[in-house]
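Visitor: the amino acid sequence is not available; the structure is as follows:
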Ligand SMILES: *[C@@H]1O[C@H](CO)[C@@H](O)[C@H](O)[C@H]1NC(C)=O
Ligand SMILES: *[C@@H]1O[C@H](CO)[C@@H](O)[C@H](O)[C@H]1NC(C)=O
Ligand SMILES: *[C@@H]1O[C@H](CO)[C@@H](O)[C@H](O)[C@H]1NC(C)=O
């Protein structure tokens with residue numbers, strides 16, 4: 001390398017080293033924090049009532065592509081979007097104690113004949129120790145009776161939560177789409 005090239009490189013290195021980190025207005029910089037060495041594990045168990053039929057459905061179809069070819073036997077055409085506000089109860093019966101609600105949407109995301117939904121919901125508890133806290137679930141939701149979904153976050157006592165849930169479709173009416181889902185959630189949180 002020529003001397004002036006070396007000098008140019010040195011200048012770059014020195015300039016980089018002495019330039020203070022400048023934060024834009026959009027952030028306040030990063031700093032190292034100590035993460036807690038212990039986290040809590042909480043189990044939740046409840047039933048979600050997803051009702052499409054009747055005068056007061058808790059799930060409604062809000063959109064589907066106009067050019068969708070609804071294949072026989074597939075009630076969930078690719079692109080269909082549903083919005084839900086389902087109640088969560090302590091027991092299987094819809095008349096049992098309501099302990100929260102699941103609000104969100106699911107979309108039919110398979111181009112094939114298989115049932116595949118993208119579930120995204122915020123499940124807020126409205127009673128007991130976790131009243132006002134919620135878990136956030138975003139996951140692919142398949143047709144199996146027992147399935148696993150991912151808990152990706154939460155609010156309140158479940159802030160920064162991570163976890164998973166097993167879901168068992170304990171009741172499904174294939175004609176109407178009405179379902180009762182049993183949830184067994186394991187949440188790790190601060
Ligand atoms: C849950 O919290 C809300 C808001 O603070 C309060 O109004 C409600 O009474 C609480 N419910 C129970 C069952 O504790
Ligand atoms: C949920 O937990 C209960 C009690 O342990 C168990 O009977 C049930 O089979 C579990 N269901 C799922 C879907 O994991
Ligand atoms: C399933 O849903 C259909 C359509 O709403 C209804 O006619 C039928 O009675 C339901 N079956 C049961 C077992 O509830």
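Guide: Structure received. Just so it is clear, the model here is predicted, and its values are computed rather than measured. Ligands and ions are numbered 1, 2, ... in the order given.
Visitor: what does residue 130 show for phi and psi?
Guide: Per-residue torsions, residue 130: phi -100, psi 20 (degrees, to the nearest 10).
Visitor: then residue 128?
Guide: Dihedral angles of residue 128 (phi, psi; degrees, to the nearest 10) stand at phi 70, psi -160.
Visitor: I figured it hits residue 99, correct?
Guide: Yes. Using CB atoms under 8 Å, residue 128 makes contact with residue 99 at a distance of 6.8 Å. Backbone N, C-alpha and C define where each C-beta goes, glycine included.
Visitor: so which of those two has more stuff around it?
Guide: Per other CB atoms under 10 Å, whichever of residue 128 and residue 99 has more neighbours is residue 99, with 21 against 11.
Visitor: list the contacts of the more buried one.
Guide: By CB atoms under 8 Å, 6 or more residues apart in numbering, the contact set of residue 99 is 46, 88-90, 125-128.
Visitor: gap between it and ligand 3?
Guide: 24 Å (CB to the nearest ligand atom, to the nearest Å).
Visitor: up against ligand 1, what does the chain have?
Guide: 126-127, 131-132 (CB under 6 Å from any ligand atom).
Visitor: inside helices: which ones of the contacts of residue 99?
Guide: Using DSSP state H, no member of those falls within helices.
Visitor: biggest separation within the residues you listed, which pair?
Guide: The most widely separated members of the contacts of residue 99, counting by CB to CB, are 89 and 128 (13.0 Å).
Visitor: the strands in the chain, which residues?
Guide: For the chain, the strands defined by DSSP state E cover 40-50, 59-63, 81-89, 98-108, 117-125, 134-141, 146-155, 162-172, 179-189.
Visitor: need the residues of this protein near ligand 3, please.
Guide: For the chain, the residues in contact with ligand 3 (CB under 6 Å from any ligand atom) are 53, 173, 175-176.
Visitor: in a markdown table: those residues, plus distance to residue 105, pLDDT and neighbour count.
Guide: Below are the residues of the chain next to ligand 3 laid out as a markdown table (distance: CB to CB, whole Å; pLDDT from 0 to 100; neighbours: other CB atoms under 10 Å):
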| residue | distance to residue 105 | pLDDT | neighbour count |
| --- | --- | --- | --- |
| 53 | 19 | 93 | 12 |
| 173 | 21 | 92 | 12 |
| 175 | 22 | 86 | 8 |
| 176 | 19 | 87 | 13 |
